[in-house]
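Colleague: Below are the sequence and a predicted model for it; my questions follow.
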Amino acid sequence: MIRLARPTMLVFAASLLVGCDPPPEAADAAAEPAGIAAADMLAYLESKIDIAEDKFIQLAEAVPEESYDWRPMEDVRSFREIFLHIAADNWYGGALMGVQTPEDIAVTGDGETVTAYQDQVLSKAETLEHLRRSFVYFSGALDATRDHLDTPAKLRTTELTYGDLWVRLVTHMHEHLGQTIAYARANEIVPPWSR
């Protein structure tokens, strides 16, 4: 994939306006779809994973254990369930891409194992440990698959690639981070990074 530097893009655009020929490298690149290089995208995703990990751990530590089962209404996840859901998805995402989970983690590429994992009732300390370990695994899974982003994968019935899956996993992670922040605020728990 060829990407144009900003000055080259301006020269190319100006040449279109005045009717002269664009520079050769701009003409070649104009035929290529614009996009972000895979290495740049992975670096961006890694930075977003690091942010989410740091904030999830801080929130999981800040929420008192007696509030771990708090939920704003019936039929939505509690704090504990969100933290375990994130850990489960971290294990599940890597497993979908063929990265073996630790022996004591029974999550595989089968969705039923994810449900069983999330149904555990763990203490705050155990939940934190699972969350931390899942992020270490998740980062390792990204490293293991960074050269295979075009490999086909399947998420339930959706056909996609490892690269697509990484974007979905990180987006989903941040969706639940926002949910957890809202829960904290509703419980008058100030997220530690915003004090």
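Modeller: Nice, thanks for sending it over.

Colleague: so which strand or helix has the residue most central in space within the chain?
Modeller: Centroid-nearest residue in the chain: Val170, 1.3 Å away (criterion: CA atoms, centre = their mean). Per DSSP states H and E: Val170 is located in helix 162-186.

Colleague: any residues touching that helix, and which ones?
Modeller: Here helix 162-186 makes contact (CB atoms under 8 Å, 6 or more residues apart in numbering) with 38, 41-42, 45, 48-49, 52, 55-56, 59, 62-63, 70-72, 77, 79, 82-83, 85-86, 89-90, 93, 96-97, 138, 142, 145, 148-151, 153, 155, 160, 190-191. Where C-beta positions appear, they are placed from N, C-alpha and C, glycine not excepted.

Colleague: Which stretches in this protein count as helices?
Modeller: With DSSP state H, the ranges of helices along the chain come out as 6-18, 24-30, 38-62, 79-96, 111-118, 124-145, 162-186.

Colleague: Can I get the ones you listed in JSON lines including distance to Pro102 and mean pLDDT?
Modeller: Converted to JSON lines, the helices of the chain look like this (distance: least, CB to CB, whole Å; pLDDT from 0 to 100):
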{"stretch": "helix 6-18", "distance to Pro102": "46", "mean pLDDT": "38"}
{"stretch": "helix 24-30", "distance to Pro102": "45", "mean pLDDT": "49"}
{"stretch": "helix 38-62", "distance to Pro102": "17", "mean pLDDT": "94"}
{"stretch": "helix 79-96", "distance to Pro102": "9", "mean pLDDT": "97"}
{"stretch": "helix 111-118", "distance to Pro102": "12", "mean pLDDT": "94"}
{"stretch": "helix 124-145", "distance to Pro102": "7", "mean pLDDT": "97"}
{"stretch": "helix 162-186", "distance to Pro102": "18", "mean pLDDT": "96"}
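
Colleague: which of the ones you listed sits most buried?
Modeller: Across the helices of the chain, the average number of neighbours (mean count of other CB atoms under 10 Å) peaks for helix 79-96, which reaches a mean of 24.

Colleague: Could I get the CA-only coordinates of that helix as PDB?
Modeller: What follows is helix 79-96, C-alpha atoms only, in PDB (Å, rounded to 0.1, in the frame of the first residue of the first chain):
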ATOM      1  CA  PHE A  79     -19.200  -4.900  38.100                       C
ATOM      2  CA  ARG A  80     -17.900  -8.400  38.700                       C
ATOM      3  CA  GLU A  81     -19.600  -9.700  35.600                       C
ATOM      4  CA  ILE A  82     -18.200  -7.000  33.400                       C
ATOM      5  CA  PHE A  83     -14.700  -7.600  34.600                       C
ATOM      6  CA  LEU A  84     -15.000 -11.300  34.000                       C
ATOM      7  CA  HIS A  85     -16.700 -10.700  30.600                       C
ATOM      8  CA  ILE A  86     -13.600  -8.700  29.500                       C
ATOM      9  CA  ALA A  87     -11.300 -11.400  30.800                       C
ATOM     10  CA  ALA A  88     -13.400 -14.000  29.000                       C
ATOM     11  CA  ASP A  89     -13.300 -12.100  25.700                       C
ATOM     12  CA  ASN A  90      -9.500 -11.600  26.000                       C
ATOM     13  CA  TRP A  91      -9.100 -15.400  26.300                       C
ATOM     14  CA  TYR A  92     -11.700 -16.100  23.600                       C
ATOM     15  CA  GLY A  93     -10.400 -13.600  21.000                       C
ATOM     16  CA  GLY A  94      -6.900 -15.200  21.200                       C
ATOM     17  CA  ALA A  95      -8.400 -18.700  21.100                       C
ATOM     18  CA  LEU A  96     -10.300 -17.900  18.000                       C
END
